[in-house]
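Undergrad: Below is the structure, and that's it, no one-letter string:
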């Protein structure tokens, strides 16, 4: 892309907040059509950089250059919407430049030459398809009703509206700060596809590693106040960064070796009588004054060893939940076991958080039963972080009037414990309301993980965590000796830690799949292909244009007559296999057969679904013939 003129560039940007230098000579350029993923630790300056590039904030020093008439769509973390306006008006506000062109074109006051120019600009901006594009955004981003007033929306709903507003005009440059937050996995997949085919440049910050890996053509890392550019996607960036850090370490080892030799020489008392000697001493102090590479500190995530679990952790049997007139789901069965991580996925609003509350005993099911083991002790990380008091300091939130924290067999001071979560002595005394989103997430984890519990409940734990902290959270969960139930839309995270997926697939259906998220997706696609094939087969036998509906053959009549018994038999096998997987003893005595039993279960489910489709097709054929016969 560098052989084309940059549409936006920033040179030697500096920005400070008090004594803290956030940006220190940051330089970056954006070229047409490229997709740039911006990464870096929380607090490294990613959001500040995006605000400056988006024209929302001015640097203390440095220069930002934009191509003339560059149209920018910007989604910030602290987005501002028209609170008293409906959703549709807010989305259309993102395309105000296109709407202005159309108003001028249709206003009847332009000269023929102006009309021609306006028509070209509208065509370039794909303005005539704006309404259709907005309709697609409402559908794909699962936006609230168009007439809903924004003031009364939830935080997640507002964020999706703000994202739609940024996408509406199809600007030449999209700047997106955490676009995947509050989006379900299905919507994230759509957004990936949309941005991959998007004819414009995109600069984005996200913690979603699959999103980064699939979309980014270049990675810009913000570290030490500067921008480091790596060509390629996230995986290629990790490889390049490892090489860069190795080179820095080698350089630092050589510097330290030189300093030791020269220090011995200086201490030997050699008099600086000659120009050569004086030059050697000057060189020593010059190299000594150079800063060593900044050490990247990691959060030290430790989950205390939990109390032992009993044979029963949590069991849900034939559970249904109805809120007002809305039946969220029914017929749900699951058995939670020790040392397992269960992920819950699905579109927003289908009942994921409600299911968590059911499993914890905070809600009574409308139907069925939830049995909680006598030794089960829940530890709940809330989605909205409402358990944090904005007026308290970081220290007060975690200390709870104690001076030490017990971590298994180890006892550490509260201050020492907070340093493990990268809170400096200065930040330890900061009020919660002044923390960044990432700091609040780390604080919530620090507060929750210090408590005793053998079943950890995490509702959207990955929101606002930086990538290094995410990796450490994954390691901590994999080493946890209790049971974990989590809601997340982060596909990489789900793949890394989960043993089972509970998927809300819509229309009140909740599917339980053993294995990680990618395995679930593969099996779901197989089910969908089987259903489509059965439906296509049924449709082809249903219609024969211009002919009288055919009568069931003798073989089909016999098949239809035995269909009810065949379906019951298939459902019985499904139920038997499901009970086998739900039995805790199976994982002790028959764990080696897990893959086979799981595969058999999926195959029988597909078979049962196909039988229903076949039964409906035969019934329709019989009814059509009877109707034609009597007419």
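TA: Right, received. Where do you want to start? It should be emphasised that the depicted structure is a prediction, and the values quoted were computed from it without experimental measurement. Numbers count the residues shown, from 1 in each chain.
Undergrad: what about the helices in the stretch 501-631 of the chain?
TA: Shown for the stretch 501-631 of the chain, the helices assigned by DSSP state H, counting those that start in this stretch span residues 517-542, 554-582, 586-589, 594-630.
Undergrad: Columns mean neighbour count on top of those, output as CSV?
TA: All C-beta atoms are positioned from the backbone trio N, CA, C, and that covers glycine. Shown next, in CSV, are these (neighbours: other Cβ atoms under 10 Å):
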stretch, mean neighbour count
helix 517-542, 15
helix 554-582, 14
helix 586-589, 13
helix 594-630, 16
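Undergrad: Which of those helices comes out lowest on mean pLDDT?
TA: Comparing mean pLDDT across the helices of the stretch 501-631 of the chain, the weakest is helix 586-589, with a mean of 59.
Undergrad: Hmm, residue 84 is touching residue 152, no?
TA: No - taking contacts as Cβ atoms under 8 Å, residue 84 lies outside contact range of residue 152: 10.3 Å.
Undergrad: Same list, the helices of the stretch 501-631 of the chain, but as JSON lines with distance to residue 346 please.
TA: Shown next, in JSON lines, are the helices of the stretch 501-631 of the chain (distance: least, Cβ to Cβ, whole Å):
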{"stretch": "helix 517-542", "distance to residue 346": "11"}
{"stretch": "helix 554-582", "distance to residue 346": "20"}
{"stretch": "helix 586-589", "distance to residue 346": "25"}
{"stretch": "helix 594-630", "distance to residue 346": "18"}
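Undergrad: which one of the ones you listed lies closest to residue 452?
TA: When these are compared by Cβ to Cβ, helix 586-589 sits nearest residue 452, at 25.1 Å.
Undergrad: The host helix or strand of residue 321 packs against which elements?
TA: Using DSSP states H and E, residue 321 sits within strand 314-323. Under the contact criterion of 3 or more Cβ pairs under 8 Å, 6 or more residues apart in numbering; DSSP states H and E, strand 314-323 touches strand 326-336, helix 352-359, strand 367-372.
Undergrad: out of those, deepest packed?
TA: When the helices and strands packed on strand 314-323 are scored by mean count of other Cβ atoms under 10 Å, the highest mean neighbour count falls to helix 352-359 (a mean of 21).
Undergrad: how close does the residue positioned nearest the centre of the chain sit to residue 379?
TA: In the chain, the residue lying closest to the centroid (Cα atoms, centre = their mean) is residue 490, at 3.7 Å. As judged by Cβ to Cβ, to the nearest Å, residue 490 and residue 379 stand 20 Å apart.
Undergrad: before we move on, what about residue 434?
TA: 27 Å.
Undergrad: Counting neighbours around each, name which of these two comes out higher.
TA: residue 379 (20 against 11; other Cβ atoms under 10 Å).
Undergrad: The more buried one touches residue 455, doesn't it?
TA: Yes - Residue 379 is in contact with residue 455 according to Cβ under 8 Å; the separation is 6.9 Å.
Undergrad: which residues of the stretch 1-150 of the chain score low on pLDDT?
TA: Low-confidence segments of the stretch 1-150 of the chain, defined by pLDDT under 70: 1-3.
Undergrad: how about the strands in it?
TA: 8-17, 20-30, 35-39, 61-66, 72-75 (DSSP state E, counting those that start in this stretch).
Undergrad: Residue 159: how many residues sit nearby?
TA: By other Cβ under 10 Å, the residues close to residue 159 number 21.
Undergrad: give me the element it is part of.
TA: Taking DSSP H and E as the definition, residue 159 sits inside helix 155-168.
Undergrad: One more: residue 463?
TA: Using DSSP H and E, no helix or strand contains residue 463.
Undergrad: From residue 222, how far out is it?
TA: Residue 463 is 20 Å from residue 222, by Cβ to Cβ.
Undergrad: what's the answer for residue 311, then?
TA: Residue 311 is 50 Å from residue 222, by Cβ to Cβ.
Undergrad: Same check on residue 202?
TA: From residue 202 to residue 222 the distance is 17 Å (Cβ to Cβ).
Undergrad: Thought residue 492 was touching residue 518, still the case?
TA: No - the criterion here is Cβ under 8 Å, and residue 518 misses it with residue 492 at 9.6 Å.
Undergrad: what about residue 97, neighbour count?
TA: 14.
Undergrad: How about the one 3 residues further on?
TA: By the other Cβ under 10 Å criterion, the neighbourhood of residue 100 contains 12 residues.
Undergrad: Thought residue 377 was touching residue 457, still the case?
TA: No - judged on Cβ under 8 Å, residue 457 makes no contact with residue 377 at a distance of 10.9 Å.
Undergrad: Compare residue 463 and residue 222 (neighbour count), which wins?
TA: When neighbours are counted by other Cβ under 10 Å, residue 222 comes out ahead of the other of residue 463 and residue 222, with 25 against 21.
Undergrad: Shouldn't the more buried one be within a helix?
TA: No - checked against DSSP: H, G, I helix; E, B strand; the rest coil, residue 222 lies outside a helix; its state is strand.
Undergrad: Quick check: pLDDT value at it.
TA: Predicted confidence (pLDDT) for residue 222: 93.
Undergrad: what separates it from residue 203, distance-wise?
TA: Counting by Cβ to Cβ, the gap from residue 222 to residue 203 is 12 Å.
Undergrad: same check, this time on residue 5
TA: Distance of residue 5 to residue 203, given as Cβ to Cβ: 17 Å.
Undergrad: if we can go back for a sec, mind listing residues that contact the strand holding residue 321?
TA: 327-336, 351, 354-355, 358-359, 363, 365-373, 376, 455, 483, 582 (Cβ atoms under 8 Å, 6 or more residues apart in numbering).
Undergrad: run the last query once more with 7 Å
TA: 327-336, 351, 354, 358-359, 363, 365-373, 376 (Cβ atoms under 7 Å, 6 or more residues apart in numbering).
Undergrad: which of the residues in stretch 393-413 are buried?
TA: 393-399, 405, 407, 412 (16 or more other Cβ atoms under 10 Å).
Undergrad: now, which of these sits nearest residue 98?
TA: residue 394 (45.6 Å).
Undergrad: Next, residue 365: secondary structure please.
TA: Once three-state DSSP is applied, residue 365 turns out coil.
Undergrad: same question, the one 10 residues further on
TA: Three states are possible here, and by three-state DSSP the one that applies to residue 375 is coil.
Undergrad: Which pLDDT value goes with the closest residue to it other than its chain neighbours?
TA: Leaving aside its sequence neighbours, residue 375 sits nearest to residue 310 (Cβ to Cβ, 6 or more residues apart in numbering; 4.1 Å). Residue 310 carries a pLDDT value of 86.
Undergrad: Looking at the strands of the stretch 1-150 of the chain, which is nearest to residue 554?
TA: With Cβ to Cβ as the yardstick, what comes closest out of those is strand 35-39 (61.4 Å).
Undergrad: Can you list the helices and strands that the closest one packs against?
TA: If you count contacts as 3 or more Cβ pairs under 7 Å, 6 or more residues apart in numbering; DSSP states H and E, strand 35-39 packs onto helix 46-53, strand 201-205, strand 218-223.
Undergrad: which other residues reach it?
TA: Under Cβ under 7 Å, 6+ apart, the answer for strand 35-39 is 30, 46, 49-50, 195, 202-206, 212, 215-222, 234, 467.
Undergrad: any idea of the angle it forms with helix 46-53?
TA: 140 degrees (axes from the mean of the first three to the mean of the last three Cα atoms, to 10 degrees).
Undergrad: what angle do strand 35-39 and strand 218-223 make?
TA: 20 degrees.
Undergrad: angle of strand 35-39 against strand 201-205?
TA: Going by the same axes, to 10 degrees, strand 35-39 makes 20 degrees with strand 201-205.
Undergrad: so what strands line up beside strand 35-39?
TA: strand 201-205 (parallel), strand 218-223 (parallel) (DSSP bridges).
Undergrad: same for whichever helix or strand comes after the first one, what does it pack against?
TA: Meaning strand 201-205. Once the chain leaves strand 201-205, the next helix or strand it forms, by DSSP H and E, is helix 209-215. Here helix 209-215 touches helix 185-196, helix 234-267, helix 491-497, going by 3+ Cβ pairs under 7 Å, 6+ apart.
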